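Undergrad: My questions concern the predicted model and sequence given below.
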Amino acid sequence: MTELELKEILKQHADWLKNITEGCRANLRNADLRFADLRNADLQNANLRSANLRDANLQDTNLQFAGLQNADLRFADLRNADLRYADLQNADLRHANLRDADLRSADLQNADLRFIDLQNANLRHADLRDANLRDADLRDANLEGVTK
């Protein structure tokens, strides 16, 4: 996917979020977004299922309610990202940086969270059933009401 194509999808998605009739929801399913710079993007409700976001910069990105099932987020920078209610089932987040990220009520079932940085992350009411948290950094993370 070219940078120009991605910009057009993000523009159409922004219009859709504003309920403008000519906009449409971002469908980035299976997209190759390795190393993409998506800082501060508004991708709430976007379809990123099985997308390759390895090494992508998603810092401060709004991913509320986004579908990220089976996505490859290895080494991605998700610092301060808003992932409330995001669906991250079976996602690969090994070595990702989620410091200060908001993961309240996110679905992380079966996600690979090995070596992830979740310092100061808010995981309140997140679903972590069968997630692999080996060597994850959870210092000062909010784990209130987490389902394990």
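TA: Perfect, thanks for sending it. Residues are numbered from 1 along each chain as shown.

Undergrad: Only C-alpha atoms from now on, for both contacts and neighbour counts.
TA: Fine.

Undergrad: what about Lys11, which SS state?
TA: Assigned by DSSP: H, G, I helix; E, B strand; the rest coil, the conformation of Lys11 is helix.

Undergrad: how close does it sit to Ala66?
TA: 17 Å (C-alpha to C-alpha, to the nearest Å).

Undergrad: of these two, who's got more company?
TA: Ala66 (23 against 17; other C-alpha atoms under 10 Å).

Undergrad: so Asp15 sits right up against Cys24, yeah?
TA: Yes. In terms of C-alpha atoms under 8 Å, Asp15 counts as a neighbour of Cys24; the distance is 7.0 Å.

Undergrad: Quick one: the helices in this structure, in order.
TA: Assigned helices in the chain, in chain order: 3-17 (criterion: DSSP state H).

Undergrad: Pull the contacting residues for Asn47.
TA: Arg25, Ala26, Asn27, Leu28, Arg29, Ala66, Gly67, Leu68 (C-alpha atoms under 8 Å, 6 or more residues apart in numbering).

Undergrad: For these, which entry has the maximal number of neighbours?
TA: Leu68 (28 neighbours).

Undergrad: Show the backbone phi and psi for it.
TA: The phi/psi pair for Leu68 (degrees, to the nearest 10) reads phi -120, psi 30.

Undergrad: gap between it and Thr21?
TA: Distance from Leu68 to Thr21, by C-alpha to C-alpha: 25 Å.

Undergrad: now swap in Ala71 and tell me
TA: From Ala71 to Thr21 the distance is 29 Å (C-alpha to C-alpha).

Undergrad: neighbour-wise, which of those two wins?
TA: Ala71 (25 against 9).

Undergrad: List the residues that contact the more buried one.
TA: With C-alpha under 8 Å, 6+ apart, Ala71 has these contacts: Leu48, Arg49, Ser50, Ala51, Asn52, Leu53, Leu88, Asn90, Ala91, Asp92.
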